[in-house]
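A.B. asks: What follows is a predicted structure for the sequence shown.
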Amino acid sequence: MQYEPNGTYYAVIFTSQRTEGDLGYENMADRMVELAGKQPGFLGVESVRDATGAGITVSYWESLEAIGNWKSNQAHQAAQDKGKKVWYESYKVRICKVEREYSL
């Protein structure tokens, strides 16, 4: 994560199973991370994907309003539409309030 928050914040957990082949996915994923980074309220992102195409991306946001604004971003909506049609076999989105964190 790029930001060390003070207090509560929100995590959007996106789990997915990719279809085979890139089909432009990597470029779009990079573009979405770059664009999200410019959105008010964006705090950071962490992402992993295994060899089978299963992945998890967690983005961090200051507020539910910031998450809603990102969801309604036109470029993000276009990427979501293509994801539904081309890139994902399945996915799930979870939005969580983070009240505490600690690390080593």
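C.D. replies: Thanks, I have the structure now. Numbering: from 1, shown residues only.

A.B. asks: name the element Ala51 belongs to?
C.D. replies: Under DSSP states H and E, no helix or strand contains Ala51.

A.B. asks: That one: how many residues sit nearby?
C.D. replies: By other CB atoms under 10 Å, the residues close to Ala51 number 5. All C-beta atoms are positioned from the backbone trio N, CA, C, and that covers glycine.

A.B. asks: just Ser103 next, same as before
C.D. replies: Neighbour number of Ser103 under other CB under 10 Å is 5.

A.B. asks: do Tyr91 as well
C.D. replies: 16.

A.B. asks: cool, and Asp30?
C.D. replies: 10.

A.B. asks: cool, and Lys85?
C.D. replies: 9.

A.B. asks: Can you pull the phi/psi pair for it?
C.D. replies: phi -90, psi -30 (degrees, to the nearest 10).

A.B. asks: Can you tell me how far it is from Gly41?
C.D. replies: Per CB to CB, to the nearest Å, Lys85 is found 28 Å from Gly41.

A.B. asks: what does Gly7 give?
C.D. replies: With distances taken as CB to CB, Gly7 is found 14 Å from Gly41.

A.B. asks: Looking at those two, which has the bigger crowd around it?
C.D. replies: Gly41 (18 against 8).

A.B. asks: Counting by contacts, list what the helix or strand encompassing Glu26 packs against.
C.D. replies: Using DSSP H and E, the element containing Glu26 is helix 25-36. Judged by 3 or more CB pairs under 8 Å, 6 or more residues apart in numbering; DSSP states H and E, helix 25-36 is in contact with strand 42-49, helix 74-82.

A.B. asks: winner for burial among these?
C.D. replies: strand 42-49 (a mean of 16; mean count of other CB atoms under 10 Å).
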